[in-house]
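In: Give me coordinates for this.
(one chain, ligands or ions: 1)
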Amino acid sequence: MENSEEQSRTKILDTFKHIVDSNRKFVLTTHVNPDGDGLGSELALTRYLKKLGKQSVVLNHSETPSNHTFLDYHNELKQFDPEKDSQTVLDADVLIALDMNNPGRLRSIEKYFLESKAKKVIIDHHLEAQDFVDHQLIDLDSPATAEMVYRCLAAYDSNLIDKEIAEGIYTGIMTDTGSFRFPRTDGEVHRITANLLDLGVDPFYIYHNLYEENSLGRTRLLGEMLSKVELAYDGRVSYVAITLEQLNRNGVVPDDVDNFVNQAGAIAGVIVTLFFLEMEDGVKISFRSKGDVPVNELAKMYGGGGHKNASGARLPGVKLDETVRRVLADAERILPK
Ligand code: AMP
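Out: Sure thing, here's the model as predicted:
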């Protein structure tokens, strides 16, 4: 087990090359409630592996969120069905989990992933990886898993990266950098992005499909949420909750509210934002911070994780109001004194 979060980038590229060269059947997956980085990374990698003549299948626990389906024009993103697909997982030579580091986030695939005799790999950029695979390809400095995938593919053979592969990578980098504005957006990110644009990626097309094709219900729900945002701790923390009733009344599914947390935090003086989403089976929390405030420490207290400035947690079987009170009280621990 290669258990080092400090692996050099060269080591990651070497390991990737070795795994690809010495295997034939690949299964790729990502976390529950997948985002643009997980899905874009999967699409880029599966398309590349197929170009190399490998067998590659993408199996996800979750259905692809509707605003990402435009990327999947070859129907490569499959929702895992244990009856039909468990053997594929068990028979694979290599299982690659992208953009995740905790087997619990595989949900229905977890059992088969862990049981499989395949070589297991994660490609990820999140903190606090759990020890469940043979090769942890982790780069904590990378702004997106898709950027790591780009590096791996470019090092293997950059000539094989075409427009369809570039679209997946671009989507991952764009979404995980908050459209090129989060702190890890450096010159290198823009240089990689320039290469992707040169391959034919259309930034307007990707952004428009992801963020500007919302339902009326989502837009109205955003308005409802914005009118309910509260401040605490002298205006340093903003918080807001969305109930199941609000989701249902507006005909909105949980995936549709992914970026609401950022809107709730766009307030002068706010350094921490807490966004609570009531689910059928509990509460999902999104944590965001600005500067040197480690929201991942707060997320960890609730069994979640992520990055210093963006983390999440899912709390099964809890009540919304009580959860808001508890997390808000605990937020004091991460605020600067
Ligand atoms: P979200 O608030 O769901 O957009 O998540 C923000 C970040 O935290 C993303 O990078 C997620 O991958 C990560 N994250 C979200 N939920 C969890 C969880 N339950 N456990 C670990 N990491 C999470």
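In: residues from the stretch 151-300 of the chain in reach of the ligand?
Out: Counting by C-beta under 6 Å from any ligand atom, the stretch 151-300 of the chain comes close to the ligand at Ser286. No exception for glycine: its C-beta is placed from N, CA and C like everyone else's.
In: State the helix or strand in which whichever residue of the stretch 151-300 of the chain sits closest to the ligand lies.
Out: The minimum distance from the stretch 151-300 of the chain to the ligand, using C-beta to the nearest ligand atom, falls at Ser286 (3.1 Å). Per DSSP states H and E: Ser286 is located in strand 282-289.
In: what does Ser311 give?
Out: strand 310-316.
In: Tell me which strands that strand pairs with, and in which orientation.
Out: Paired strands of strand 310-316, with direction, are strand 282-289 (antiparallel), strand 305-306 (antiparallel) (DSSP bridges).
In: tell me the mean pLDDT over the last one?
Out: The average pLDDT within strand 305-306 is 92.
In: ok, it near the ligand or not?
Out: Yes: for a cut-off given as C-beta under 6 Å from any ligand atom, strand 305-306 has contacts with the ligand, namely 305-306.
In: Please enumerate residues in contact with the worst-scoring helix or strand of the chain on mean pLDDT?
Out: Within the chain, no helix or strand scores below strand 305-306, which has a mean of 92 by mean pLDDT, DSSP states H and E. Strand 305-306 is contacted from outside by 101-102, 126-128, 287, 295-296, 299, 311-313, using C-beta atoms under 8 Å, 6 or more residues apart in numbering.
In: Filter the residues you listed down to the buried ones.
Out: Burial by neighbour count, judged by 16 or more other C-beta atoms under 10 Å, picks out 101-102, 126-127, 287, 295-296, 299, 311-313 from the contacts of strand 305-306.
In: can you list those in CSV and add pLDDT?
Out: As requested, the buried ones among the contacts of strand 305-306 are arranged in CSV below (pLDDT from 0 to 100):
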residue, pLDDT
Asn101, 96
Asn102, 96
His126, 95
Leu127, 91
Phe287, 98
Val295, 98
Asn296, 97
Ala299, 98
Ser311, 96
Gly312, 96
Ala313, 97
